[in-house]
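Asks: sequence? don't have it. structure:
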């Protein structure tokens with residue numbers, strides 16, 4: 001049985017982490033599957049088949065120590081695992097994998113999971129990405145817009161594979177709950193200040209609604225202060241990370257994603273598949289517009305435009321029939337992004353590489 005190994009920072013909450021957990025569990029009947037975690041952390045947010053082998057690098061005393069030690073430790077771990085193919089997810093992990101692979105010289109696929117042009121990453125990693133990315137064997141992108149950012153040499157060795165949608169998601173409940181929800185890490189990319197500011201204006205017309213935000217992150221204190229400054233604290237709840245988030249949001253009247261940039265956003269994909277009426281920024285690198293046919297199965301608004309977001313929120317609140325129809329239409333994307341269908345796309349690439 002051929003061996004494949006995924007490489008990622010951790011298996012805590014996050015879109016790339018969830019995708020790896022789904023793929024690893026789905027592929028372990030065809031391959032011997034391992035996952036190498038660059039950060040030593042015992043917390044695993046998602047269910048993973050027990051046949052999947054999980055390896056962790058050593059703990060590091062500080063970030064500088066981690067930066068310089070990770071490539072060497074990773075190369076040793078790659079040798080120990082001795083897989084036929086390594087698959088790295090996310091920019092920092094891709095750079096570390098490429099540095100490690102200079103020594104071990106294994107077959108390596110790197111996967112871009114965000115907007116390469118607008119992703120806010122350390123300048124060192126931007127330089128290393130430019131210098132090293134061409135050294136991978138193959139590339140996986142989620143959208144054509146992400147693929148087009150790179151050179152022709154990289155593009156001709158790349159594939160477009162979207163995210164798989166989680167199986168057995170609950171169906172939306174179309175009862176008037178006056179609840180608006182958003183799911184995602186609390187940091188700059190997600191632009192929660194835009195959502196919170198727009199919601200404060202929305203409340204002036206529809207004061208019965210409330211907002212629930214699911215996720216954790218460094219911006220939590222700052223966001224709570226913004227809510228307090230806008231005098232809407234009783235109307236906004238920060239729910240933290242929930243392993244049962246889909247059950248928590250299935251009765252939401254509106255789901256909103258306000259990000260400045262995304263890859264193929266899992267939270268939005270799952271909300272649409274559940275049948276929730278969704279509003280999303282039309283952000284780079286094109287994931288939301290791949291998922292939402294505007295005014296058909298959801299609504300798109302201009303990135304960073306609070307007035308446009310407010311208009312979309314007001315439309316959904318005042319058009320019950322259309323809102324529910326769009327939610328029901330959104331459920332049709334389930335087949336396109338099923339775990340089985342997306343896994344077959346991965347198997348095709350893996351088979352080309354290992355054989």
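Replies: Happy to help now that I have it. These numbers come from a predicted model, not from an experiment. Residues are numbered from 1 along each chain as shown.

Asks: need the contact list for residue 265.
Replies: Residue 265 sits next to 15, 184, 257, 259, 280, 287, 288, 291 when contact means Cβ atoms under 8 Å, 6 or more residues apart in numbering. The way it works is simple: take the backbone N, C-alpha and C, and place the C-beta from them, glycine included.

Asks: next one: residue 135
Replies: Going by Cβ under 8 Å, 6+ apart, residue 135 touches 98, 101, 102.

Asks: can you give me the strands in the chain?
Replies: Secondary structure of the chain, counting by DSSP state E: strands at 3-8, 32-37, 53-56, 85-89, 108-111, 138-141, 158-160, 179-183, 210-214, 236-240, 254-257, 278-281, 299-301.

Asks: What average pLDDT does the first one get?
Replies: pLDDT averaged over strand 3-8 equals 97, rounded to a whole number.

Asks: any idea of the angle that strand forms with strand 85-89?
Replies: 20 degrees (axes from the mean of the first three to the mean of the last three Cα atoms, to 10 degrees).

Asks: Give the burial count for residue 251, as a bare number.
Replies: By other Cβ atoms under 10 Å, 16 other residues sit near residue 251.

Asks: picking up where we left off before, among the strands of the chain, which is the most enclosed?
Replies: Comparing the strands of the chain by mean neighbour count (mean count of other Cβ atoms under 10 Å), strand 278-281 comes out on top with a mean of 29.

Asks: Show me what that strand pairs with in its sheet, parallel or antiparallel.
Replies: strand 254-257 (parallel), strand 299-301 (parallel) (DSSP bridges).

Asks: Among the ones you listed, which comes closest to residue 338?
Replies: strand 254-257 (20.4 Å; Cβ to Cβ).

Asks: How are the helices of the protein distributed by residue range?
Replies: 15-27, 63-81, 91-104, 123-132, 144-148, 152-155, 192-202, 220-229, 245-249, 266-274, 287-291, 306-318, 320-330, 339-354 (DSSP state H).

Asks: Rank the helices and strands of the protein by mean pLDDT and give me the bottom one.
Replies: Every helix and strand of the chain was ranked by mean pLDDT, DSSP states H and E. The lowest is helix 63-81, at a mean of 86.

Asks: Check which helices and strands it sits against.
Replies: Packing partners of helix 63-81 (3 or more Cβ pairs under 8 Å, 6 or more residues apart in numbering; DSSP states H and E): strand 3-8, strand 32-37, strand 53-56, helix 91-104.

Asks: Export those to a markdown table and append columns for distance to residue 250.
Replies: Formatted as a markdown table, those follow (distance: least, Cβ to Cβ, whole Å):
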| stretch | distance to residue 250 |
| --- | --- |
| strand 3-8 | 28 |
| strand 32-37 | 30 |
| strand 53-56 | 30 |
| helix 91-104 | 32 |
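
Asks: what about the nearest residue to residue 310 once chain neighbours are set aside, how many neighbours?
Replies: Once flanking residues are discounted, residue 310 sits nearest to residue 198: 4.7 Å by Cβ to Cβ, 6 or more residues apart in numbering. By the criterion of other Cβ under 10 Å, residue 198 has 25 neighbours.

Asks: tell me the contacts of the nearest residue to residue 342 once chain neighbours are set aside?
Replies: Leaving aside its sequence neighbours, residue 342 sits nearest to residue 164 (Cβ to Cβ, 6+ apart; 3.8 Å). When contacts are counted by Cβ under 8 Å, 6+ apart, residue 164 touches 19, 22, 23, 26, 337, 338, 339, 341, 342, 343.

Asks: Skip the chain neighbours and tell me the closest residue to the fourth one.
Replies: Counting by Cβ to Cβ, 6+ apart, the nearest residue to residue 26 once its immediate chain neighbours are dropped is residue 343, at 4.6 Å.

Asks: thinking again about what came up before, of the helices of the chain, give the one that comes closest to residue 179.
Replies: Checking those against residue 179 by Cβ to Cβ gives helix 245-249 as the closest, at 8.1 Å.

Asks: what pLDDT, on average, does the closest one get?
Replies: Mean per-residue pLDDT for helix 245-249: 96.

Asks: OK, contacts around residue 190?
Replies: Applying Cβ under 8 Å, 6+ apart, the residues near residue 190 are 182, 184, 215, 257, 258, 259, 260.

Asks: again, only using 7 Å
Replies: 184, 258, 259 (Cβ atoms under 7 Å, 6 or more residues apart in numbering).

Asks: count of neighbours near the first one?
Replies: Taking other Cβ under 10 Å as the criterion, the count of residues near residue 184 is 24.

Asks: likewise the second one?
Replies: When neighbours are counted by other Cβ under 10 Å, residue 258 registers 25.

Asks: Quick one: closest of the strands of the chain to residue 230.
Replies: strand 236-240 (8.7 Å).

Asks: List of residues touching that closest one?
Replies: For strand 236-240, the surrounding residues in contact (Cβ under 7 Å, 6+ apart) are 196, 211, 212, 213, 214, 216, 220, 224, 227, 248.

Asks: what bridges to the third one?
Replies: Judged by DSSP bridges, the bridge partners of residue 212 are residue 181, residue 237.
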